[in-house]
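Participant: How does the following fold in three dimensions:
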Amino acid sequence: MAGKTYTNFAVTRPREWVAHVEINRPTKRNAFLEEMRFELRDIFDSLSVDPSVRAIVFSGAGDKAFSAGLDVVSANKEGTMFNPRPEDTIDAARHAVAVRRWAQDFQDCVTSIERCEKPVICVLHGYAFGIAVDLACCADIRIAAQDAVFSVKEVDLGIAADLSSLTRLPKIVRSYGWVKEVSLTARVFDAAEALEERFVNKVLPTKAKALEEGLNLASLISEKSPVAVQGTKNFLDFSRDHTVEDGLKYTAVWNSAALQTKDIPVSFQALLGKKRATYEKL
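Facilitator: Here you go, the predicted model:
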């Protein structure tokens, strides 16, 4: 994807091995247009297999928001899935098939963040409403600025969240009851509460500090063996949704190949020599 540009996202390489993906609609508080999902998937699917990238920072441009959620003005236009034309709904079964296919494709686009082989660090600031929470749930690490405010907003739009929040959020935070409360009420909660419930890993005073922390973490991860890092992310995501026994079997099969990497002797030599290891691209 070298040199490729996007309409609603900016992708840069601020440090060696690190990519920075920004939602880039700052004048609209980075509100999410329906068609942005295709760019999102293309970006993360491309970075997933880019050998020059080992870690990704994901943030929102501007000072006001990571993302204020779905762009309601755009979504409410006639002809969208949220406001279909009468002729589109004459046959309920056929309309239901179209909606299901659309929803599953939208889910897949959001899941591209989690599916990405490279660790994704989400830096949240300002408004993080609705789909912003869905996107953040797919990241591996979440860092918030002190001004970040969150809402599982979908019930206020007359829908049940179906992209990530209701499926992933309960597996991230410490209280299932808390997830039900914020999802059923759509109430706003701040960065301190997000930290208390362990939705975010840490809170920094400003967006700039949070972004710096995200980049530092990405750089630290990128110093490790890419074979080990990608395997670790894969194991953790697999084991989250399977039994301990299944997870152990899976990791054993995976490592039957991965343990043959040259990264292991390189790592040992670096540790013994107290030097920084240099790894080949993956």
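
Participant: quick one: secondary structure of residue 14?
Facilitator: strand (DSSP: H, G, I helix; E, B strand; the rest coil).

Participant: From residue 60, how far out is the closest residue to it other than its chain neighbours?
Facilitator: Ranked by Cβ to Cβ, 6 or more residues apart in numbering and with sequence neighbours excluded, the top spatial neighbour of residue 14 is residue 20, at 5.1 Å. Placement of C-beta: from N, CA and C, glycine included. Per Cβ to Cβ, to the nearest Å, residue 20 is found 11 Å from residue 60.

Participant: got the contact list for the residue nearest to residue 14?
Facilitator: When contacts are counted by Cβ atoms under 8 Å, 6 or more residues apart in numbering, residue 20 touches 10-14, 56-57, 59, 215.

Participant: who does it bridge with?
Facilitator: Listed by DSSP bridges, the beta-bridge partners for residue 20 are residue 12, residue 57.

Participant: Next, residue 280: secondary structure please.
Facilitator: At residue 280 the chain is in coil, as set by three-state DSSP.

Participant: residues near it, how many?
Facilitator: 12 (other Cβ atoms under 10 Å).

Participant: what does residue 226 give?
Facilitator: Neighbours of residue 226 using other Cβ under 10 Å come to 22.

Participant: quick one, phi psi at it?
Facilitator: Backbone geometry at residue 226, expressed as degrees, to the nearest 10, gives phi -60, psi -30.

Participant: Who are the contact partners of it?
Facilitator: Residue 226 neighbours (Cβ under 8 Å, 6+ apart): 54, 263, 279, 281-282.

Participant: On the pLDDT front, check it for me.
Facilitator: With respect to pLDDT, residue 226 scores 96.

Participant: which intervals of the chain have sub-threshold pLDDT?
Facilitator: Counting by pLDDT under 70, the ranges of the chain that qualify are 1-3.

Participant: Just give the nearest non-adjacent residue to residue 166, would you?
Facilitator: residue 183 (6.2 Å).

Participant: Same question for residue 13.
Facilitator: When the adjacent residues along the chain are set aside, residue 13 lies closest to residue 19, with 5.9 Å between them (Cβ to Cβ, 6+ apart).

Participant: ditto for residue 26
Facilitator: Closest to residue 26 by Cβ to Cβ, 6+ apart is residue 62, at 2.8 Å.

Participant: Would you mind confirming that the one you found is in contact with residue 23?
Facilitator: No: counting by Cβ atoms under 8 Å, residue 62 does not reach residue 23; the two are 9.2 Å apart.

Participant: higher neighbour count, these two?
Facilitator: Counted by other Cβ under 10 Å, residue 62 and residue 23 do not tie: residue 23 has more neighbours, with 26 against 19.

Participant: can you count the residues close to residue 134?
Facilitator: So residue 134, with other Cβ under 10 Å, has 28 neighbours.

Participant: name the element it belongs to?
Facilitator: According to DSSP states H and E, residue 134 maps onto helix 131-137.

Participant: what pairs with the helix or strand that comes right after that helix, and is each one parallel or antiparallel?
Facilitator: Later in the chain than helix 131-137, the nearest helix or strand by DSSP H and E is strand 141-145. The strands that strand 141-145 pairs with in its sheet are strand 120-124 (parallel), strand 202-204 (parallel) (by DSSP bridges).

Participant: For residue 232, which of those is the nearest?
Facilitator: The closest of the strands paired with strand 141-145 to residue 232 is strand 120-124. By Cβ to Cβ, the value is 13.6 Å.

Participant: How many residues are close by the nearest residue to residue 223 once chain neighbours are set aside?
Facilitator: Of all residues not flanking residue 223 in the chain, residue 276 sits nearest, at 6.7 Å (Cβ to Cβ, 6+ apart). By other Cβ under 10 Å, the residues close to residue 276 number 7.

Participant: This completes my enquiry, with thanks.
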